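In: here you go, sequence then predicted model.
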Amino acid sequence: MKVLVAGGAGFIGSCTSEYLLDNGHEVVVFDSLVKGHRDAVDPRADFVQGDLGDALAIERAMVAHRPEGIIHFAAFIEVGESMVDPGKYFRNNVACGLNLLEAAAHNDVRKIVFSSTAAVYGMPKTIPISEREPTIPVNPYGESKLMFERILRWYHEIHGLQYTALRYFNAAGCSPNFGEDHNPESHLIPIIMQAAEGKRESIKIFGTDYPTPDGTCIRDYVHVLDLAQAHLLALESHEVGAFNLGSGAGHSVRSIIDTVREISGQEFRVDEAARRSGDPPRLISDSAAARATLGWKPKFDDIHEIVESAWRWRCDHPKGYAR
């Protein structure tokens, strides 16, 4: 299959592109490089530098490469920023995504896999979280992803575009070749690793009085290569709808700090701060539907293995993708 990967120069997009290529598929990466990295594009893939905000650019890429399927990663992902500048998120994550859907419809692409998020659930009432949980986002980032999921349903109804939305929890880990290099960095594991590398003075825990065993928030971490596997399974499937992706296990902030200390062999300062508004005590995925329906079989459920793969990539790329 020839697959167009929108946002394929980003963290999950680069690892998924590599996974697709390793499994015999052709890949066309379409990325603006506003957030992605040119060196994160697998050299076996065709690369088109373009912005989804430019409808003609994505239309030209579709006509030139004739993909049979699309995986859509291109989005802004900073929750805090979305609370300050919501328009930026609705323009990029919704309006620009519409240009991709229009080009897909014009060029008879029959399948799209959408990189969604557990943020569509907001403050869930039931743990673990299944797809039956009400979708009530509490920030514009989550709202923008949910809006695009709803738009996908209408393109399925009207244009016959098959779609799968994958709502994943905390993506983590790295492949041997591609890793996580955001600017600014907002994900917990790489932030802690920056402290272990001496690139941060300390790591801050926001809230130590949650109703959890050690008082800190608990989150579900899923390896990026397991996410890549799920995207390929979804692309090959005829299933339509949304599926959660997570390990089903929860790890507290303190336990992740301890794991990074153990694997890196480095000590660093940890400061305690007040809770952040809107942080749920626990977010753990029920991914039974993806396992049963898509045949998803995660291979990296152990948090030590996940963290170790991320640390190994950082040791091999101390400046990230910077030359």
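Out: Yep, that arrived.

In: how about the nearest residue to residue 280, chain neighbours excluded?
Out: residue 123 (5.3 Å; Cβ to Cβ, 6 or more residues apart in numbering). Just so you know, the C-beta spots here come from the backbone N, C-alpha and C atoms, and that holds for glycine as well.

In: what's the neighbour count on that neighbour?
Out: 12 (other Cβ atoms under 10 Å).

In: what pLDDT does it get?
Out: Per-residue pLDDT puts residue 123 at 93.

In: for it, list the residues it contacts.
Out: Taking Cβ atoms under 8 Å, 6 or more residues apart in numbering as the criterion, residue 123 is in contact with 136, 138, 278, 280.

In: tabulate those residues (TSV), appending pLDDT, distance to residue 38 and neighbour count.
Out: Shown next, in TSV, are the contacts of residue 123 (pLDDT from 0 to 100; distance: Cβ to Cβ, whole Å; neighbours: other Cβ atoms under 10 Å):
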residue	pLDDT	distance to residue 38	neighbour count
136	96	38	14
138	93	35	16
278	80	35	12
280	88	37	16
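
In: with respect to residue 23, which of these is nearest?
Out: residue 280 (35.5 Å; Cβ to Cβ).

In: helices of the stretch 1-150 of the chain, start to end?
Out: Taking DSSP state H, counting those that start in this stretch as the test, the helices found in the stretch 1-150 of the chain are 11-22, 55-65, 79-84, 86-90, 96-106, 140-159.

In: so of those, which one's packed in deepest?
Out: When the helices of the stretch 1-150 of the chain are scored by mean count of other Cβ atoms under 10 Å, the highest mean neighbour count falls to helix 11-22 (a mean of 25).

In: can you name every helix or strand that that one contacts?
Out: Helix 11-22 sits against strand 2-6, strand 26-31, helix 224-236, with contacts defined as 3 or more Cβ pairs under 8 Å, 6 or more residues apart in numbering; DSSP states H and E.

In: now do the shortest one: everything it contacts.
Out: Counting contacts by Cβ under 8 Å, 6+ apart, the residues outside strand 2-6 that touch it are 13, 16-17, 20, 25-31, 45, 52, 58, 61-62, 65-74, 100, 109, 235.

In: what do you get if the cut-off is 6 Å, keeping everything else the same?
Out: 13, 17, 20, 25-30, 67-72, 74, 100 (Cβ atoms under 6 Å, 6 or more residues apart in numbering).

In: next one: stretch 312-320
Out: Contacts for stretch 312-320 (Cβ under 6 Å, 6+ apart): 174, 179, 181, 193.

In: recalculate using a threshold of 7 Å.
Out: 174, 179, 181, 193, 197 (Cβ atoms under 7 Å, 6 or more residues apart in numbering).

In: could you do stretch 265-283 as well?
Out: So stretch 265-283 is contacted by 118, 123-124, 127, 129, 138-139, 169, 195-196, 201-208, 210-212, 217-220, 250, 257, 261 (Cβ under 7 Å, 6+ apart).
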